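Asker: Here is my input; please provide its structure:
(2 chains)
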Amino acid sequence: QQQVKQSPQSLIVQKGGISIINCAYENTAFDYFPWYQQFPGKGPALLIAIRPDVSEKKEGRFTISFNKSAKQFSLHIMDSQPGDSATYFCAASTTGSARQLTFGSGTQLTVLP
Amino acid sequence: GAVVSQHPSWVICKSGTSVKIECRSLDFQATTMFWYRQFPKQSLMLMATSNEGSKATYEQGVEKDKFLINHASLTLSTLTVTSAHPEDSSFYICSASLSGVYNEQFFGPGTRLTVL
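Answerer: Next up, the predicted model:
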């Protein structure tokens, strides 16, 4: 019930294309859904996050779509660039003092020039 | 803002020795810090949650006597890997939680530990 399932495991996109990564969860108590970007040998960096009271959030080329009834959320990267090549992790957490994140398994994105 | 540092960035040690990794929140006070380990091409695995001035809460399967965590101040947490063995070789990442309604976590750059 604590799992967050992420797909695909790897994704190859042409420069300028749209990258789409999907996540699904079971725990309806989750109320915070961040996405992290990680480059090799580096720590994850917060990319964008959404709360369940909205269905979509956009920041620049990055958009999160959230479907509360389906318990799914996705990351869309518009106009993908080679510099976007990284591993992306979705995560979820619940309100509370601990705020522990449950991570998805990660998606390795490669954007071809 | 919300910068987290880790030291060292990489360390190589001999089997049986202990290694200490520091995690600092540079520009904010972190009431909660988290320690993760990450194996190649895998996701982050939460090891423990620590609150300033309290004992850390370890995840199931993580040996608290092997992975000693100290959270002495609102800006510093340390992870000591005691009697390290080759299987402890991994990428260790800390994060610090910024107090607020949703308590966003900000991650350090990670520490690569190699045990020979």
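Asker: So which bits of chain B are right by chain A?
Answerer: Residues of chain B lying close to chain A (CB under 8 Å from any CB of the partner chain) are B:4, B:6, B:32, B:34, B:41-44, B:46, B:49, B:57, B:91, B:93, B:95, B:97, B:101-110, B:112. (Glycine included, C-beta is placed from N, CA and C.)
Asker: Only the buried members of the residues you listed: can you turn that into a ChimeraX selection?
Answerer: The ChimeraX selection below is limited to those of those classed as buried (16 or more other CB atoms under 10 Å in any protein chain shown):
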select /B:4,6,32,34,43,44,46,49,91,93,95,97,103,104,105,106,107,108,109,110
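Asker: who touches residue A:83 in this structure?
Answerer: Residue A:83 makes contact with residue A:111, according to CB atoms under 8 Å, 6 or more residues apart in numbering or on different chains.
Asker: which residues of chain B fall in helices?
Answerer: Ranges of helices within chain B: none, based on DSSP state H.
Asker: Low-confidence stretches in it?
Answerer: Regions of chain B meeting the criterion pLDDT under 70 cover residues B:1, B:99-103.
Asker: Find the centremost residue of it, please.
Answerer: Residue closest to the average C-alpha location in chain B (CA atoms, centre = their mean): residue B:35, at 3.5 Å.
Asker: hmm, back to that, from the residues of chain B next to chain A, which ones fall inside strands?
Answerer: Counting by DSSP state E, the residues of chain B next to chain A place B:4, B:6, B:32, B:34, B:46, B:49, B:57, B:91, B:93, B:95, B:97, B:105-107, B:112 in strands.
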